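K.L.:
Next come a sequence and a model predicted from it.
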Amino acid sequence: MVHSAYDCVELVADCPSKIEAVESYGSKLLAACSDGSLRIYAPQSHSQPSDHHSPLHQEPYALEKTLSGFARRPLISMEVLHSRELLLSLSESIAFHRLPSFETFAVITKAKGANAFDWDDRRGFLCFARQKRVCIFRHDGGRGFVEVKEFGVPDVVKSMCWCGENICLGIRREYVILNATNGALSEVFTSGRLAPPLVVSLPSGELLLGKENIGVFVDQNGKLLPEGRICWSEAPTEVVIQKPYAAALLPRFVEIRSLRDPYLLIQTVVLRNVRHIRHSNNSVILALDNSIHGLFPVPLGAQIVQLTASGNFEEALSLCKLLPPEDASLRAAKEGSIHIRYAHYLFENGSYEEAMEHFLESQVDITYVLSLYPSIILPKTTIVHEPEKLDVYGDASYLPRGSSGLSDDMEYPQTSNMLESDEHAALESKKTSHNMLMALIKYLQKRRNSFIEKATAEGTEEVVLDAVGNNFASYNRFKKTNKGRGSIPISSGAREMASILDTALLQALLLTGQSSAALELLRSLNYCDLKICEEILQKGNHHAALLELYKCNSLHREALELLHKLVEESKSNQSEITHKFKAEDIVEYLKPLCGTDPILVLEFSMLVLESSRYLELMLAMNENAISGNLQNEMVNIYLSEVLDWYTDLSGQQKWDEKAYTPTRKKLLSALESISGYKPETLLKRLPPDALYEERAILLGKMNLHELALSLYVHKLHLPEMALSYCDRVYESMHQTSVKYPNNIYLTLMQIYLNPGRTNASVEDKIINLLSSQNTATPKVGSATSVKTKGSRGTKKIASIEGAEDAKVNSSSTDSSRSDGDGDEFSEGGSTIMLDKVLDLLGRRWDRINGAHALKILPRETKLQDLLSFLGPLVRKSSEMQRNFSVIKSLRQSENLQVKDELYSQRKAAVKISSESMCSLCHKKIGTSVFAVYPNGSTLVHFVCFRDSQNMKAVAKGSQSRKRL
């Protein structure tokens, strides 16, 4: 942590008088002694005169001259104003002296008794504190100083400093900001009890305020800054800033800390009896009782070496940023080498993501980073990388770089000077760690874009050169081929590096279980090595990724052979393939190849036709792709297979109506979704005592809803499917605006309420239906009467639509309902399914005509059981009544508004004066009959208006005759 940032050199020894203040002017030292004299010291080995820009020298100083009686009393403080070549001294008053003659230039007598001052060099303003007053003076060029302001403060000022246009004061035990314009004071915070206030200006214009042993950063308005706080070992008496460090004078030593958070302790300089500390142009001056020491900064390069060797990489990197601009190459080299060493340190301590961030900052070759992952297999490369030289240790210090190849005939990089044998073993034990691989993935993804751009640019350039004939031979030698297997040669260094990166990234994604991300990588532009990636994907059974690898390398035959194999394996129940492949995948793959490789398309199209039904495949892609006859043929094929399966099971007495094979599922799906088959033909092929679900679908296609619902309820015992069937019929009829779409639910209620009649007559109705189809096929309506051609009357198909049997006219009474009830209990002693009816009413109350439903229900139905039906129904009816009432009121209000507007328009008044003129004949209106145009301001004689209308009518008539 602690390193030597400064070298302490004794500059002046054995001063005859006690030193009260010290300052530097160029390479000279100015020492104000207790006897009022000013002693000027110069370097012993430099006799040439120096200006104020000359730095202090690291050598003993000798007395050049002594100015006796420089001040009547010992100086409290002094400061060299370099921009104005003046020396400001504070003794019994404030005096200004010209440099280098030290001639007294001006004395501010009003500053007599002042104990603190501060100079604003930018504006030439001086502020000083005297007792409980603060005065501000302005330097008026060569004529002296002019008083600007004077303000009173609550107590004696202990420390003060300019902060922009205002002044920060340390008074008593608190800090305040004094407005230099109007004298307003604003409190900042208290300074503590043990140490006096201390105000220090920072180069950025902000302030460092002392509170006990803590330095607090504030802005020019006194607001705390988020940079943190400097914690000194003890409360300092003086602090000087020399970036990037702050030096504080403590009672027993001088403490130097970094100005970068967390403000680490850098160095401690132990000197006794240090009285003052001052900042020079290139050093820090320490004034003791009878000697002067200088703290000279150690060269940044040497400090960087110390910090890097001690493992303080963050501090070393911050110092690199302070290197001068002319050393940009040196700075980049040092930063790169430190980032690499820091990355290794973090990697060995488990901070993998942070390590990769520093590898990224160092711009080190990716093969160097990948050498830390021996489990990642990389392609061979023809590029030879030079080892990166590290300059943090001097001339011959190097960091090892790893080879980019990784196969049986390639060697791993030598890292003996970086990792000891035990450290390497620890690294090997962590190489399969998930965190390591995730950090590598992020690192490679951040670097990938630049590599891909360079590789693509080089490929494009070679194509252009090949087009003009300048580079045909070289490009033809290396370009990718679409035929054969094996590694594809790459003709440029950028593409070799892109291949290394993508190959490593793919492996890292697979090792961390990110198969989808690996698939996306292969689908985009990539340079993955074919041989290595193919072997890895085959071992890991990443079939989808392997297909994309073949596809992006134009190995279509290999991809289609693999895809055909996967489709065949997907059909087997014992297959271990997690993702099921279908014949449609082969078709989709073949589509883009139709124009480029028709022979390959023809070859694998035959495999598709042999392995699956062509009609089924075409229908899955587009129902309109095949005609109705072909659709009917496909459904008949399905039905034949299902009937064969039914015959086998029924012969073994193992038939189960709820058993489903894949073919039966396809049949049901086709019956539901396809519209090109003939349901009457298929219905004849069904057995009378089985395949009720297929029969129900076919009856529904024929709009025989009562028979279909009877099968769902009484044969299949699936009321939910019956309800779903009703919903589909209702929605389809509702979309086509059929007048009574709710009859389908009433039909279902009749089936529930008359189970004996409907169950016993289902087979008879179907037999009658099929027999009637042999003679004539009438057009069947849905729950409505149908008029036949040439007949005035209507024939109700009672044997087909049971809903019409239950149709209740407005003249029906309870007697008709009683007759129905008598039928329910007399047929075979079966009981009505009242609970299903009530459930239907509660769930579909908004789709059922309430009056009709109540007439169908038996007398014994309790009103409480109908609460779920009647409650929302009544609420909806009431809501509709209220809405209609509101609409009626709004319409009435609108009518009144229109009438009011009509009356207001009819009240229009026109004033006829003696000056009123006719707009047509331009004569006065007088007492003649007049007319007013709708605009209310145009007046005409009625005779003129009539004549103008007649003229218009005549003109229109002549125009019409001309057209004819």
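P.N.:
Good, I have the coordinates. Numbering: from 1, shown residues only.
K.L.:
all strands for the stretch 851-964 of the chain, in order.
P.N.:
For the stretch 851-964 of the chain, applying DSSP state E, counting those that start in this stretch gives strands covering 930-932, 939-941.
K.L.:
For stretch 312-331, give the mean pLDDT please.
P.N.:
For stretch 312-331, mean pLDDT is 75.
K.L.:
okay, how far is it across it, tip to tip?
P.N.:
End-to-end distance for stretch 312-331, by CA to CA, to the nearest Å: 17 Å.
K.L.:
Can you give the contact residues for that stretch?
P.N.:
Residues outside stretch 312-331 that contact it (CB atoms under 8 Å, 6 or more residues apart in numbering): 1, 3, 243-244, 258, 260, 264, 300-301, 303-304, 307-308, 334-335, 338-339, 341-342, 345, 391-392. (C-beta placed from N, C-alpha, C; glycine too.)
K.L.:
Looking at the strands of the stretch 851-964 of the chain, spot the one closest to residue 197.
P.N.:
strand 930-932 (92.2 Å; CB to CB).
K.L.:
give me the element residue 281 is part of.
P.N.:
Assessed by DSSP states H and E, residue 281 sits outside every helix and strand.
K.L.:
Give me the neighbour count for the spatially closest residue to it that is not a sequence neighbour.
P.N.:
Spatial nearest neighbour of residue 281, chain neighbours left out: residue 55 (5.8 Å); criterion: CB to CB, 6 or more residues apart in numbering. Around residue 55 there are 14 other residues, counting by other CB atoms under 10 Å.
K.L.:
I figured residue 55 hits residue 27, correct?
P.N.:
Yes - using CB atoms under 8 Å, residue 55 is in contact with residue 27, at 6.3 Å.
K.L.:
anything in contact with each of these two?
P.N.:
By CB under 8 Å, 6+ apart, no residue touches both residue 55 and residue 27.
K.L.:
Sketch out the low-pLDDT regions of the stretch 501-650 of the chain for me.
P.N.:
571-578, 607-630 (pLDDT under 70).
K.L.:
quick one: the helices in it?
P.N.:
Secondary structure of the stretch 501-650 of the chain (DSSP state H, counting those that start in this stretch): helices located at 515-523, 530-539, 543-552, 556-571, 583-590, 598-611, 614-621, 628-651.
K.L.:
hey, which of the ones you listed is tucked in deepest?
P.N.:
helix 543-552 (a mean of 22; mean count of other CB atoms under 10 Å).
K.L.:
Just the CA atoms of that helix, as PDB, please.
P.N.:
Taking C-alpha atoms only, helix 543-552 is exported to PDB below (Å, rounded to 0.1, in the frame of the first residue of the first chain):
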ATOM      1  CA  HIS A 543     -28.400 -31.300 -33.600                       C
ATOM      2  CA  ALA A 544     -30.000 -28.000 -34.400                       C
ATOM      3  CA  ALA A 545     -26.700 -26.200 -34.000                       C
ATOM      4  CA  LEU A 546     -24.900 -28.700 -36.100                       C
ATOM      5  CA  LEU A 547     -27.500 -28.100 -38.900                       C
ATOM      6  CA  GLU A 548     -26.900 -24.400 -38.700                       C
ATOM      7  CA  LEU A 549     -23.100 -25.100 -38.900                       C
ATOM      8  CA  TYR A 550     -23.500 -27.100 -42.100                       C
ATOM      9  CA  LYS A 551     -25.900 -24.500 -43.500                       C
ATOM     10  CA  CYS A 552     -23.600 -21.500 -42.900                       C
END
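K.L.:
Where helices are concerned, which of the contacts of stretch 312-331 count?
P.N.:
Per DSSP state H, helices hold the following members of the contacts of stretch 312-331: 300-301, 303-304, 307-308, 334-335, 338-339, 341-342, 345.
K.L.:
Make a ChimeraX selection of the buried ones in these.
P.N.:
If you want just the buried ones from the ones in helices among the contacts of stretch 312-331 in ChimeraX, going by 16 or more other CB atoms under 10 Å, the selection is:
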select :300,301,303,304,307,308,334,335,338,339,341,342
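K.L.:
quick check, nearest of the ones in helices among the contacts of stretch 312-331 to residue 8?
P.N.:
residue 303 (15.3 Å).
K.L.:
Distance check, the closest one against residue 321.
P.N.:
13 Å (CB to CB, to the nearest Å).
K.L.:
now swap in residue 870 and tell me
P.N.:
Taking CB to CB, one finds residue 870 at 82 Å from residue 321.
K.L.:
cool, and residue 133?
P.N.:
44 Å.
K.L.:
which one of those two has more residues nearby?
P.N.:
Using other CB under 10 Å, the more surrounded residue of residue 133 and residue 321 is residue 133, with 16 against 10.
K.L.:
Hmm, that one is touching residue 155, no?
P.N.:
No - between residue 133 and residue 155 there is no contact under CB under 8 Å: 11.2 Å.
K.L.:
thinking again about what came up before, would you convert the helices of the stretch 501-650 of the chain into CSV that also reports distance to residue 187?
P.N.:
Formatted as CSV, the helices of the stretch 501-650 of the chain follow (distance: least, CB to CB, whole Å):
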stretch, distance to residue 187
helix 515-523, 58
helix 530-539, 69
helix 543-552, 68
helix 556-571, 78
helix 583-590, 76
helix 598-611, 86
helix 614-621, 80
helix 628-651, 90
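K.L.:
show me where pLDDT drops low in the stretch 851-964 of the chain?
P.N.:
959-964.
K.L.:
in the protein, which helix has the most residues?
P.N.:
Longest helix in the chain, counting residues (DSSP H): helix 867-906.
K.L.:
tell me which element residue 65 falls in.
P.N.:
Using DSSP H and E, residue 65 sits within strand 61-67.
K.L.:
neighbouring contacts of that strand?
P.N.:
11-12, 28-29, 37-44, 102, 292.
K.L.:
What are the buried residues along it?
P.N.:
residue 61.
K.L.:
After it, which helix or strand is next?
P.N.:
Following strand 61-67 in sequence, per DSSP H and E, is strand 77-81.
K.L.:
who's in contact with that following strand?
P.N.:
21, 23-25, 30, 32, 52, 86-90, 99, 117, 119, 121.
K.L.:
Can you flag the buried ones in those residues?
P.N.:
Using 16+ other CB under 10 Å, the buried ones in those are 21, 23-25, 30, 32, 52, 86-90, 99, 117, 119.
K.L.:
Take these and keep only those in helices.
P.N.:
Among those, no member falls in helices (DSSP H).
K.L.:
and which of those residues is nearest to residue 720?
P.N.:
Nearest to residue 720 out of the buried ones among the contacts of strand 77-81 is residue 119 (CB to CB; 93.2 Å).
K.L.:
What ranges does the stretch 51-200 of the chain have for its helices?
P.N.:
Under DSSP H, counting those that start in this stretch, the stretch 51-200 of the chain gives no helices.
K.L.:
so where do the strands sit in it?
P.N.:
Under the criterion DSSP E, counting those that start in this stretch, the stretch 51-200 of the chain contains strands at 61-67, 77-81, 86-90, 94-98, 103-108, 114-120, 125-130, 133-139, 145-152, 157-163, 166-171, 174-178, 185-190, 199-201.
K.L.:
Out of these, which gets nearest to residue 844?
P.N.:
strand 185-190 (73.9 Å).
K.L.:
Can you mark which positions in stretch 912-929 are buried?
P.N.:
Here stretch 912-929 shows 918, 920, 925 as buried, counting by 16+ other CB under 10 Å.
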